[in-house]
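1. dropping a prediction and its sequence here:
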Amino acid sequence: MSRFIANKKFYITMGQVMIPITIQSIINSLSGFIDTMMASRIDGVSGVGTALQIDALMHGIAFGIAAGINIFIVQYYGAKNYHYMKKCFGLSLIAVTINASLWWGLSLVFNTKLLSLFMNDHYVIEQAFHYLKYSCFSFFFTSLALSFTFAYHSVQKTYIPLLISIIVVIFHCIMNQLLMFSLHMGVEGAGISMTITQILHFLLYLGYSLYSKQPFIGGFKEMFKIPRLLIKKIFFKVYPLVINETLFSFGNSLFIVAYGVLGKGVMDCYYIGNQIVNLFYTVVNAMSDAATSMFGFKLGQQDYNGAKKEADYFFGITFLLSIVSVILILIFAPNIVSTFHVTSLKMFHLSVAIIRVLSIRIAFRLFNVVVFAALRAGGDSKYLAFIDSIILWCVGLSLTFFMIFILQIQDIVIIIFIGQIEQLIRLILGIRRMKTEKWINHMV
């Protein structure tokens with residue numbers, strides 16, 4: 001067991017990286033939590049939740065792009081090659097903007113047709129459309145802010161995204177209250193609030209980065225005059241991650257399509273439960289970002305033995321965090337659900353049950369993201385795509401559709417519980433891959 005217990009220096013370094021990311025993720029999740037809570041006051045939970053599926057698709061692909069290019073940013077930082085670090089960051093900004101443009105165009109042209117894929121309810125689709133027609137303009141600024149967030153994580157200045165997130169979330173809550181309720185704009189106000197908030201988000205990142213002269217920021221030519229060989233080198237490592245995130249995002253959206261068959265009442269409970277669980281997912285996301293940053297830094301320095309040791313240390317921490325997270329969710333689920341405007345006792349109990357069964361996913365995901373971080377940091381992106389998105393489609397999604405459409409199971413709690421087989425298979429295959437050490441690569 002001693003291989004999973006680190007020295008004091010590791011925990012201090014990890015804490016300096018991970019704690020600000022965790023707090024930032026909690027704050028960002030609180031934004032979604034507050035959106036859903038406010039939407040429950042105007043019976044708009046499913047409407048806003050359905051519209052956010054388009055945002056989730058856009059964001060998932062942007063995450064794959066930014067996270068993939070960030071592999072090179074963090075390794076160049078570890079190698080102290082700031083010249084190419086700036087060009088990689090410039091490429092990240094260009095790529096996420098192209099992706100945002102695609103989803104912005106689709107949202108404006110095919111809005112209701114896209115939304116109707118997720119749920120066959122005229123009232124829900126109408127509300128979702130009123131939200132999306134304004135919120136789709138936020139795609140550009142959300143994507144650019146994501147690239148900045150990854151860049152700050154790469155240079156291990158995680159407190160900057162934290163401080164910016166605090167400002168942004170406070171501003172977002174004020175804008176929601178003003179537009180949704182004071183000006184009586186409902187879900188349309190929520191969509192406008194999202195766009196205005198994300199504009200501020202991006203401007204804060206850009207302004208501070210230029211003012212403080214961050215190592216990934218440079219002149220126009222320094223950042224955007226990118227050699228073809230570098231683009232080609234990055235492309236061949238990044239495209240599997242982008243494909244993975246695309247398939248993973250579409251797969252998660254298809255879960256919503258499957259659950260949507262169970263009706264609006266069930267989906268209201270699911271969206272409430274999922275937003276609450278997302279608060280706990282902040283630990284998962286922070287673990288992923290911290291591990292990727294620290295593994296990538298070690299690999300950039302060609303300290304391969306150090307990277308392997310840190311992987312074991314992260315698994316040791318994950319074991320404790322998974323136990324704590326599950327216990328907290330089981331105990332406090334009813335208290336958190338009570339903050340929402342839930343119309344019936346049946347919906348209240350269903351929301352609580354969904355949250356509790358989703359705690360299993362969080363426990364598994366904590367272990368899986370350490371595996372993903374190692375594979376991502378070392379450029380083993382093709383195998384990462386296999387255990388992430390392919391397993392999701394072949395196991396989790398197939399099993400869910402089979403239970404709902406073939407076996408006609410109507411209990412969403414049972415469906416989610418059995419679907420966790422997907423997470424177990426992913427973990428087994430991921431640990432086997434790590435033991436081969438094929439993820440230990442120096443790429444810069």
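-> Received, thanks.
2. switch to C-alpha atoms for all contacts and neighbour counts from now on
-> Fine.
3. what is the burial count for the residue lying closest to F118 once chain neighbours are set aside?
-> Spatial nearest neighbour of F118, chain neighbours left out: V257 (4.6 Å); criterion: C-alpha to C-alpha, 6 or more residues apart in numbering. Residues within reach of V257, counting by other C-alpha atoms under 10 Å, total 18.
4. let me know the distance separating V257 from I409.
-> Using C-alpha to C-alpha, to the nearest Å, one gets 15 Å for the distance from V257 to I409.
5. worst-scoring helix or strand of the protein, pLDDT-wise?
-> Here the helix or strand of the chain ranked lowest by mean pLDDT, DSSP states H and E is helix 8-40, holding a mean of 79.
6. what packs against that helix?
-> helix 45-78, helix 159-176, helix 264-300 (3 or more C-alpha pairs under 8 Å, 6 or more residues apart in numbering; DSSP states H and E).
7. make TSV from those helices and add distance to F118, mean pLDDT and mean neighbour count to it.
-> Formatted as TSV, the helices and strands packed on helix 8-40 follow (distance: least, C-alpha to C-alpha, whole Å; pLDDT from 0 to 100; neighbours: other C-alpha atoms under 10 Å):
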stretch	distance to F118	mean pLDDT	mean neighbour count
helix 45-78	7	88	25
helix 159-176	25	92	19
helix 264-300	11	83	24
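8. to S138, which of these lies closest?
-> For the helices and strands packed on helix 8-40, distance to S138 was read as C-alpha to C-alpha. The smallest value, 9.1 Å, belongs to helix 45-78.
9. tell me which of the helices and strands packed on helix 8-40 sits nearest to L117.
-> L117 lies closest to helix 45-78 among the helices and strands packed on helix 8-40, at 9.7 Å (C-alpha to C-alpha).
10. measure the residue nearest to F118 to L429 for me?
-> Taken as C-alpha to C-alpha, the span from V257 to L429 is 28 Å.
11. can you give me the buried ones in the least confident helix or strand of the chain?
-> For helix 8-40, burial by neighbour count (16 or more other C-alpha atoms under 10 Å) applies to 11, 14, 16-40.
12. all helices of the stretch 251-400 of the chain, in order?
-> 264-300, 304-337, 345-377, 381-385, 391, 398-401 (DSSP state H, counting those that start in this stretch).
13. out of the ones you listed, which gets nearest to L206?
-> L206 lies closest to helix 264-300 among the helices of the stretch 251-400 of the chain, at 21.1 Å (C-alpha to C-alpha).
14. same list, the helices and strands packed on helix 8-40, but as CSV with distance to P334 please.
-> Shown next, in CSV, are the helices and strands packed on helix 8-40 (distance: least, C-alpha to C-alpha, whole Å):
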stretch, distance to P334
helix 45-78, 18
helix 159-176, 24
helix 264-300, 10
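15. out of the ones you listed, flag the one nearest S325.
-> Nearest to S325 among the helices and strands packed on helix 8-40 is helix 264-300 (7.0 Å), distances taken as C-alpha to C-alpha.
16. and the angle for that closest one with helix 345-377?
-> For helix 264-300 against helix 345-377, the angle by axes from the mean of the first three to the mean of the last three C-alpha atoms, to 10 degrees is 20 degrees.
17. and helix 264-300, what does it pack onto?
-> The contact analysis (3+ C-alpha pairs under 8 Å, 6+ apart) places helix 264-300 against helix 8-40, helix 45-78, helix 138-154, helix 228-260, helix 304-337, helix 345-377.
18. including distance to L206, could those helices go into JSON lines?
-> Shown next, in JSON lines, are the helices and strands packed on helix 264-300 (distance: least, C-alpha to C-alpha, whole Å):
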{"stretch": "helix 8-40", "distance to L206": "18"}
{"stretch": "helix 45-78", "distance to L206": "16"}
{"stretch": "helix 138-154", "distance to L206": "8"}
{"stretch": "helix 228-260", "distance to L206": "24"}
{"stretch": "helix 304-337", "distance to L206": "32"}
{"stretch": "helix 345-377", "distance to L206": "26"}
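19. to D268, which of those lies closest?
-> Per C-alpha to C-alpha, nearest to D268 of the helices and strands packed on helix 264-300: helix 45-78, 5.5 Å.
20. show me what that closest one is packed up against.
-> In terms of contacts (3+ C-alpha pairs under 8 Å, 6+ apart), helix 45-78 is packed against helix 8-40, helix 82-115, helix 122-135, helix 138-154, helix 228-260, helix 264-300, helix 345-377.
21. any idea of the mean pLDDT in the fifth one?
-> The predicted model gives helix 228-260 an average pLDDT of 88.
22. mind listing what's buried in it?
-> Going by neighbour count (16+ other C-alpha under 10 Å), the buried part of helix 228-260 is 234-235, 237-260.
23. cool, and the third one?
-> Using 16+ other C-alpha under 10 Å as the burial criterion, the residues of helix 122-135 that qualify are 124-135.
24. burial measure for K435, as a count.
-> Neighbourhood size, K435 [other C-alpha under 10 Å]: 10.
25. list the buried ones in the strand or helix carrying it?
-> Taking DSSP states H and E as the definition, K435 sits inside helix 421-436. Neighbour counts over helix 421-436 (16+ other C-alpha under 10 Å) mark 422-424, 426-427, 430, 433-434 as buried.
26. which one of the residues you listed is nearest to I331?
-> Nearest to I331 among the buried residues of helix 421-436: Q423, at 23.1 Å, using C-alpha to C-alpha.
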